[in-house]
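Novice: generate a structure from the sequence data that follows.
(one chain, ligands or ions: 1)
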Amino acid sequence: MSKQQNWLPLITISLVGLLSASPLHAATAPGQQAVASAHPIATAAGHTVLDQGGNAFDAAVAVAATLAVVEPYSSGLGGGGFFLLRQPGNADQPYRFVDARETAPLSANRDLYRDSDGVVQRDPAINGPMAAGIPGVPAALAHLAEHYGKLPLSQSLAPAIAAAENGFSISEHYRTLAGYRLEVMNRYPETDRIFLRDSQIPPVGTVIKQPELAGTLRAIAASGRDGFYKGKVGELLIEGVRTAGGIWQQADLDDYKVIERSPIRFNASGYEVISAPLPSAGGIALAGILQGLETLPKAEPGSVQWTHQLVELMRRTYRDRAALLGDNDFVEVPVKQLTSADYAAKLAASVDPKHATRSSELGPLINFVEGDHTTHFSLIDADGNAVAATLSVNLPFGAAFTVPGTGVLLNNEMDDFAADPAGVNAYGLAGSEANAIAPGKRPLSSMTPTMLENDQQLAILGTPGGSRIITMVLLGALEAMRGEPVERWVSRARFHHQYLPDHIQVEDAAFSAEQQSALEAMGHRVEPVGRDYGNMQAVSWDKSSNQVTAASDPRGIGEANVQRVNARSDGHKAAKTGAIAQ
Ligand code: GLY
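Specialist: This next block holds a predicted model:
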């Protein structure tokens, strides 16, 4: 469908919206529903549950559970994630944050991956059961249904159960991601059996059925949280992990809890920004960059000076991330200070307008490595309840270990801890000590589900992409704040700086040859990173015109879909535009 064709239904919806909302009287509820996710089957699952009378939170259960089935490389019951909720009916707490991040097993310790010579081993930290934190997604599904949803889990999980039983077709995207992990997938017979054919990556169109996963989803539908963490599934999880050399115990499953947290909230460019708190670094970094940018001389968006300002602010906030951030239920983090406008202004004041600062001039810190296979969805219901959720198993296909009898592919999120904090101390700084492994602790994350809101607009966005998540959300948010259409938030070409390594990671087409030369002349190093960079899913509600629009990143295979409630024939697919250079 061409971009132009797509605007016709948008205009129809917009005119209908104008009847109920004028620019002077912004709408209080959209009367439309939208779902943007990384897979068409998951987007359809969200709409199905909304059509059955569910609210945004029921739809979030449906979408998350269906992504767990059809995107095994990105998220799953064996993984974790964050759900940012908007509840306009709750005046005291309109925004909530459900932290379903994995936890370190109780018998983990800071030296978990050191061998007898004291050397940190990479393989067990990313492959197999030793790499897996205790999953949070099943607890989050039950929590959302119990505390926020209107429908029973048996109804909101039905689309996911059907997808697991009937199967989904392998895409080229699946093949690419399996290609990164084939050797490890071959190591674990259950993963090899379910996700490969003859131990090779199956051709496009091959149908993957997951009856064991359907059984696990049914157990959750019947018994909620206990259907996963206790009983038969719980027993199989412990037995499977331990037999394969892992360290989980029943107490790990019994103790796992989602945590409701207050999101990070601050103001920038006429919007309130609502984003992820620790154990995500995302909200803190956005506060530093967006508030810092406001204190610098105004530069034309897309210009060399604007890019320089953003890169320098990225550099400084990512340095703080590496030095200071970790699970603040375990370590002291000065969150209030780091998210204040004063602190952002101080960071910005150290930016030289003409020259790149070398990261080493800011003081040495350890590099950090983060997995980048994750998923995001954004959705809104007709009443304005909304969810931005980012979910992960870390690397593609997580730890590549599927627990026999459960269909549950485990995460390798333990690798988001700093397995070697002592390395940081060698530089004489606290470094990643804040993110050292400890029993029950949550590894630092970059997942940044975010909303921007003012009287005129609600923007809902997020993306996978490891340490680059935060800067992708930043660039998308800046497009939203400039009034650009939602298609541009998800498609614009991207760039990123994370303090170390000390270069700008740049997607194809992000900089012209002249811009790149100008940045290099200022002392920046520019490193091309190709085009497989993020998979943003976004929804916009323009309250003045009462128009809801949605878009799915053209880099992925996802789908965004808006429907006017009670007139579902008006449903349309949102545009999948090509990348737009800045
Ligand atoms: N594993 C990706 C993240 O949490 O940022």
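
Novice: contacts and neighbour counts: CA atoms only from here.
Specialist: Fine.

Novice: what ranges in the protein fall below the confidence cut-off?
Specialist: Low-confidence segments of the chain (pLDDT under 70): 1-25, 363-372, 422-431, 566-582.

Novice: repeat that with 80
Specialist: Filtered on pLDDT under 80, the chain yields the residue ranges 1-25, 363-373, 421-432, 531-532, 566-582.

Novice: nearest the geometric middle of it, what residue?
Specialist: By Cα atoms, centre = their mean, the chain has its centre lying nearest to Thr390, at 3.0 Å.

Novice: so Leu85 sits right up against Arg96, yeah?
Specialist: Yes - between Leu85 and Arg96 a contact is recorded at 5.1 Å, counting by Cα atoms under 8 Å.

Novice: for the host helix or strand of Glu212, which positions count as buried?
Specialist: Assigning secondary structure by DSSP states H and E places Glu212 in helix 211-223. Neighbour-count burial for helix 211-223, with 16 or more other Cα atoms under 10 Å as criterion, is recorded at 211-221, 223.

Novice: export stretch 546-555 as PDB, just CAs?
Specialist: Output of stretch 546-555 as PDB, limited to C-alpha atoms (Å, rounded to 0.1, in the frame of the first residue of the first chain):
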ATOM      1  CA  ASN A 546      -8.800  13.800  17.700                       C
ATOM      2  CA  GLN A 547      -6.800  11.800  15.100                       C
ATOM      3  CA  VAL A 548      -4.900   8.700  16.100                       C
ATOM      4  CA  THR A 549      -2.100   7.500  13.800                       C
ATOM      5  CA  ALA A 550       0.300   4.600  14.200                       C
ATOM      6  CA  ALA A 551       3.400   3.400  12.400                       C
ATOM      7  CA  SER A 552       5.700   0.400  12.400                       C
ATOM      8  CA  ASP A 553       9.400   0.700  11.600                       C
ATOM      9  CA  PRO A 554      10.000   0.000   7.900                       C
ATOM     10  CA  ARG A 555      13.200  -1.900   8.900                       C
END
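
Novice: tell me the helices and strands packed up against the following helix or strand past the helix holding Glu212.
Specialist: The helix or strand immediately downstream of helix 211-223 is helix 226-229, counting by DSSP H and E. Applying 3 or more Cα pairs under 8 Å, 6 or more residues apart in numbering; DSSP states H and E, we find helix 226-229 packed against helix 211-223, helix 231-243.

Novice: now render the ones you listed as CSV, adding distance to Asp255.
Specialist: Formatted as CSV, the helices and strands packed on helix 226-229 follow (distance: least, Cα to Cα, whole Å):
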stretch, distance to Asp255
helix 211-223, 17
helix 231-243, 12
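
Novice: for Ile134, find the nearest of the ones you listed.
Specialist: Proximity to Ile134 (Cα to Cα) singles out helix 231-243 among the helices and strands packed on helix 226-229, at 10.3 Å.

Novice: now the angle between helix 211-223 and that closest one, please.
Specialist: Interaxial angle, helix 231-243 versus helix 211-223 (axes from the mean of the first three to the mean of the last three Cα atoms, to 10 degrees): 130 degrees.

Novice: just to be sure, Lys336 is in a helix?
Specialist: Yes - Lys336 forms part of a helix when assessed by DSSP: H, G, I helix; E, B strand; the rest coil.

Novice: next one: the residue found closest to Gly224 once you drop the neighbours it is linked to in the chain from the ligand, what distance?
Specialist: Nearest residue to Gly224, sequence neighbours excluded (Cα to Cα, 6 or more residues apart in numbering): Ala142, at 5.3 Å. From Ala142 across to the ligand, the span is 21 Å (Cα to the nearest ligand atom, to the nearest Å).

Novice: count the neighbours of Ala142 for me.
Specialist: Ala142: 23 surrounding residues under other Cα atoms under 10 Å.

Novice: can you give me the buried ones in whichever helix or strand it is part of?
Specialist: For Ala142, the host element (DSSP H and E) is helix 137-147. Buried positions in helix 137-147, judged by neighbour count with 16+ other Cα under 10 Å: 137-146.

Novice: which one of those is nearest to the ligand?
Specialist: Of all the buried residues of helix 137-147, the ligand sits closest to Val137, with 13.1 Å by Cα to the nearest ligand atom.

Novice: which residue is the nearest non-sequential neighbour of that closest one?
Specialist: Closest residue to Val137 in three dimensions, ignoring its sequence neighbours and counting by Cα to Cα, 6+ apart: Gly80, at 4.9 Å.

Novice: just checking, what packs against the helix holding Ala142?
Specialist: With contacts taken as 3+ Cα pairs under 8 Å, 6+ apart, helix 137-147 sits against helix 56-70, strand 95-100.

Novice: please work out which of the ones you listed is packed deepest.
Specialist: Comparing those by mean neighbour count (mean count of other Cα atoms under 10 Å), helix 56-70 ranks first with a mean of 31.

Novice: that helix: how far from the chain's middle?
Specialist: 14 Å (Cα atoms, centre = their mean, to the nearest Å).

Novice: output the contacting helices and strands for that helix.
Specialist: Helix 56-70 packs on helix 40-51, helix 137-147, helix 153-156, helix 158-166, strand 373-380, strand 386-394, going by 3+ Cα pairs under 8 Å, 6+ apart.

Novice: turn those into TSV, columns for distance to Leu500.
Specialist: Converted to TSV, the helices and strands packed on helix 56-70 look like this (distance: least, Cα to Cα, whole Å):
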stretch	distance to Leu500
helix 40-51	36
helix 137-147	31
helix 153-156	43
helix 158-166	40
strand 373-380	20
strand 386-394	20
